[in-house]
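Student: Predicted structure and sequence below. I'll ask about it afterward.
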Amino acid sequence: MRFRRQVGWCVAVAYALAGARRRACARCRVPGTILPIVFHDSPAKEVEGVLAALKKWGFRFVSSEDVLAGRAADENCAWISFDDGWCETADALPVLERFNAPASVFIAPGETARGWVWTDNLWNLLSDSEWHPWYALPAEERYARVDAAWAGRVHPRRLLDEAGVRKLAAHPLVTVENHFWTHPSAPHRPEAEVLDELDRAQRTLTDWTGRAPRLAAYPFGRGTPSLDAALRARGLVPVYTRQGLVTAETFGASRNMALAGMTRAENLGRILQAWPKVGVTL
């Protein structure tokens, strides 16, 4: 897995040097287009490089509130978000300040308590065919299997703790949003269970930050039209942070620019495809 990700990064860099990334961005520089950029555990140096490139290409950084209110309709805009609340996210705050770039951070409070995302410990232990079936397992069984695969070793803390999330939420450029409780793959679990995770995360994040999240990003970018309707009935806007099932009136599939640590397929998809306007059905 580690070798595949390194190869993917090398291929992505080659395409970037060939100008494919610039051409993809150029296709988004039309009125009404929002360019969503999603980071995970990217170090501050990479975040700075992406924001500097966007600034050079004439993009203005907007917040999720701007997007929801339609205030970005007539400009070339980029919306920055971070999934999961990795420790590296806090390191990127000075970069956001330098570029005056608002950012949304999607938090799964159940993972925050453990300090790690359940898939993170598997990438270097198991092949895709071995751990992908775990998506369909209940959370308790997923974590039990992670512990067994980890062979009793200590899980390194990779995510910010509750205090770190509270500190993020207090930053004037950051809004904390909902990423469900245990980072489940929503289409693989019963809908009632997924919505229970959503509601539990919503209550907890509201308590931690003093602000009720308005956005809910599906873990792994996997949602369904039925869940979209249930989220909207709760006053939340569903967000897809990877290419997947996308319905009308969502933000569309938010594709990353090429970032280290992503797979070859992810990087190629992010570079060679333009990002859609808000509300586009793919």
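Tutor: Received the coordinates, thanks. Residues are numbered from 1 along each chain as shown.
Student: contacts, neighbours, all on C-alpha from now
Tutor: Fine.
Student: Report the buried residues of the lengthiest helix in the chain.
Tutor: Using DSSP state H, we find that the single longest helix of the chain is helix 191-209. The neighbour-count criterion (16 or more other CA atoms under 10 Å) identifies 194-195, 197-202, 204-205, 208-209 as the buried residues of helix 191-209.
Student: I'd like these as a markdown table, with distance to Val67 and pLDDT appended.
Tutor: Formatted as a markdown table, those follow (distance: CA to CA, whole Å; pLDDT from 0 to 100):
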| residue | distance to Val67 | pLDDT |
| --- | --- | --- |
| Val194 | 26 | 97 |
| Leu195 | 24 | 98 |
| Glu197 | 25 | 98 |
| Leu198 | 22 | 98 |
| Asp199 | 23 | 98 |
| Arg200 | 25 | 98 |
| Ala201 | 23 | 98 |
| Gln202 | 20 | 98 |
| Thr204 | 24 | 98 |
| Leu205 | 21 | 98 |
| Trp208 | 24 | 97 |
| Thr209 | 21 | 97 |
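Student: ok, so of the residues you listed, who is nearest Asp228?
Tutor: Proximity of the buried residues of helix 191-209 to Asp228 was ranked by CA to CA; the top entry is Leu195 with 10.6 Å.
Student: check contacts around that closest one.
Tutor: Leu195 sits next to 227, 230 when contact means CA atoms under 8 Å, 6 or more residues apart in numbering.
Student: Compute the distance between it and Ser226, please.
Tutor: To Ser226, Leu195 is 11 Å away according to CA to CA, to the nearest Å.
Student: now Ala170
Tutor: For Ala170, the distance to Ser226 equals 33 Å [CA to CA].
Student: More neighbours: which of the two?
Tutor: Ala170 (14 against 10; other CA atoms under 10 Å).
Student: give me every residue that touches the most centrally placed residue in the chain.
Tutor: By CA atoms, centre = their mean, the chain has its centre lying nearest to Asp83, at 3.4 Å. Asp83 is in contact with 38-40, 105-107, 179, counting by CA under 8 Å, 6+ apart.
Student: What is the lowest-pLDDT residue among the residues you listed?
Tutor: Among the contacts of Asp83, Val38 has the lowest pLDDT, at 79.
Student: That one contacts Ile80, correct?
Tutor: Yes: contact criterion CA atoms under 8 Å: Val38 and Ile80 qualify, at 6.2 Å.
Student: With adjacent residues omitted, what lies nearest to Ala101?
Tutor: Phe61 (5.2 Å; CA to CA, 6 or more residues apart in numbering).
Student: Tell me how many other residues crowd the one you found.
Tutor: Neighbours around Phe61, by other CA under 10 Å: 24.
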